[in-house]
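Engineer: Everything below, folded, please.
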Amino acid sequence: MQFKKTFIKHKSIMGKMLLLLVMLLVIVSGVTGLGCIRGLQPIGWSGGVVADGTLFVGSKEGRLVAVDIVSGGRQWSEGLKMPASAGGFGCMGPAYGGGCGGGAPAKVAIYGTPAIAGDLVYIAGYNGRIYAFNSSSLETMWVYPREDYLKPIISAPMVSMGKVYFSTSDGMVYALDAATGNKVWGFQAGDKIWSTPASDDDTVYITSFDNKLYALNGENGEMKWEFNAQGALASTPLVYGNKVYVGSLGRYLYAVNVDDGSQEWKFMGESWFWAKPVVYNNVIYAPCLDGKVYILDAESGREVAEAVSLESSISSSPVLVDDRVIVASQQGVIHALDTGSNKSRELADIEKEIYGPLCVSDGVIYIHTQDLTIHPVDANTGAKFATISLKSSE
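Structural biologist: Purely as a prediction, here's the structure:
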């Protein structure tokens, strides 16, 4: 009986990892020019962000959606546009490394979570453009580039120091003036970038598939240092204290000194570290695609408690609610991990697969699933509130 349970558990984990690998293949086909995959479109897994009682999220329809979290009222931006040369997904034309031609225009996937600063909301599209919308009206305030399109964008924008930072699938990092959208600087990494930039003081941190973590001067884009990992880096860095923590597709989680880029420690899991970790009281909680949340001392990297198993891969970045880590498995089960005991309990099962990062506001977790739906869940009781559709009326 125990063998049967173990077999079922590992079969489920392997199944979820295989599905994620297929998703990655679909993305890679579009950003590297490996050829057309007929009938497939970009997926998108935008998380949400809440400001002044409004939840902002990017939908699979290629729109920014604003949801009043009290009344449930919704607004939709205009749909993001594809370049005229683009066809179906994987057939993006010369601007996207494709060139198959033909096919109906694809909807624009939004992989990154929106960013908010002042009265502007920023969102990046797979079409290679970044948009700034008025947070009240969702009117487009500016677009970059103005006329052309960059390579597909999988990362989310990050706002800091009066600038919007983002990266593209050809390894470019951009800094734009947050108010006008004018380009301030650009930096070329050695390979594609999927992760969202992170910042600390005047430094911007970015990871790349060239196995490197870069520290850039946020004002002018000059490189301060680079750290070489064992394996591609696709996760967003976490800055805490004097260290940057980043997971790799080589199964390692690294702690890197913010001053000189030297390695402080590394920890090996059983699979990829895809989701961004969280930290509480000098303890790192690092979800992994092996279905476990590793609990590590932030200074030494030693395990301070046995890893918590969710019995399903974890690609969604968790959130902190008071002294609990709320984390979701790909199977759709939400867990609450108590940081005092380092024990977890099942909070809710939304019965939908979860890939995007979680969002929390006033004790409610907002979960965006692939069926254009937001699932609100009480972070304390696990009660599930009425779902919110992101489908537009058009």
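Engineer: Extract the residue ranges of this protein that are flagged as low pLDDT.
Structural biologist: Within the chain, the segments meeting pLDDT under 70 span 1-42, 84-106, 393-394.
Engineer: could you measure the residue positioned nearest the centre of it against Tyr285, distance?
Structural biologist: The centroid of the chain falls nearest to Gly112 when counting by CA atoms, centre = their mean (5.4 Å). Per CB to CB, to the nearest Å, Gly112 is found 22 Å from Tyr285. Any C-beta I mention is one placed from the backbone N, CA and C, and that applies to glycine too.
Engineer: Now do the same contact list for the nearest residue to Thr203 once chain neighbours are set aside.
Structural biologist: Spatial nearest neighbour of Thr203, chain neighbours left out: Ala215 (5.4 Å); criterion: CB to CB, 6 or more residues apart in numbering. Ala215 sits next to Thr203, Val204, Tyr205, Met223, Lys224, Trp225, Glu226, Phe227, Val244, Val258, Gly261 when contact means CB atoms under 8 Å, 6 or more residues apart in numbering.
Engineer: Try it again at 6 Å.
Structural biologist: Shown in contact with Ala215 (CB atoms under 6 Å, 6 or more residues apart in numbering): Thr203, Tyr205, Lys224, Trp225.
Engineer: Just the buried subset of those, please.
Structural biologist: Neighbour-count burial (16 or more other CB atoms under 10 Å) applied to the contacts of Ala215 gives Thr203, Tyr205, Lys224, Trp225.
Engineer: need the residues you listed in JSON lines with secondary structure, can you?
Structural biologist: Output for the buried ones among the contacts of Ala215, formatted as JSON lines (DSSP: H, G, I helix; E, B strand; the rest coil):
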{"residue": "Thr203", "secondary structure": "strand"}
{"residue": "Tyr205", "secondary structure": "strand"}
{"residue": "Lys224", "secondary structure": "strand"}
{"residue": "Trp225", "secondary structure": "strand"}
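Engineer: my guess is Phe128 contacts Tyr149, does it?
Structural biologist: Let me fix one detail, which is that residue 128 is Gly and not Phe. Yes. Gly128 is in contact with Tyr149 according to CB atoms under 6 Å; the separation is 4.0 Å.
Engineer: more crowded one of these two?
Structural biologist: Gly128 (24 against 21; other CB atoms under 10 Å).
Engineer: any idea how far the more buried one lies from Thr168?
Structural biologist: Distance of Gly128 to Thr168, computed by CB to CB: 7 Å.
Engineer: Return every residue with contacts to both of these two.
Structural biologist: The contact lists of Gly128 and Thr168 share Leu150, Lys151, where a contact means CB under 6 Å, 6+ apart.
Engineer: Let me know the distance separating Gly363 from Phe385.
Structural biologist: Distance, Gly363 to Phe385, by CB to CB: 11 Å.
Engineer: which residues touch Tyr366?
Structural biologist: Gly48, Leu55, Cys359, Ile374, Pro376.
Engineer: pretty sure Phe273 is in a helix, no?
Structural biologist: No. Remark: Phe273 does not belong to a helix; assigned using three-state DSSP, it is coil.
Engineer: Now it: closest residue in space that isn't a chain neighbour?
Structural biologist: Gly247 (2.4 Å).
Engineer: surely the one you found meets Tyr254?
Structural biologist: No. Using CB under 6 Å, Gly247 is not in contact with Tyr254; the gap is 7.7 Å.
Engineer: For those two, work out which one has more neighbours and name it.
Structural biologist: Each of Gly247 and Tyr254 has its neighbours counted (other CB under 10 Å); Gly247 has more, 32 against 25.
Engineer: what's around Gly340, how many residues?
Structural biologist: As a burial measure, Gly340 scores 8 neighbours (other CB under 10 Å).
Engineer: Angles on the backbone of it, please.
Structural biologist: Dihedral pair for Gly340: phi -80, psi -50, per degrees, to the nearest 10.
Engineer: got it, and Gly62?
Structural biologist: phi 80, psi 40.
Engineer: quick one, what contacts it?
Structural biologist: Gly79, Leu80, Lys107, Val108.
Engineer: And Thr140, by the same measure?
Structural biologist: Phe133.
Engineer: give me that answer again for 7 Å
Structural biologist: Glu78, Tyr131, Phe133 (CB atoms under 7 Å, 6 or more residues apart in numbering).
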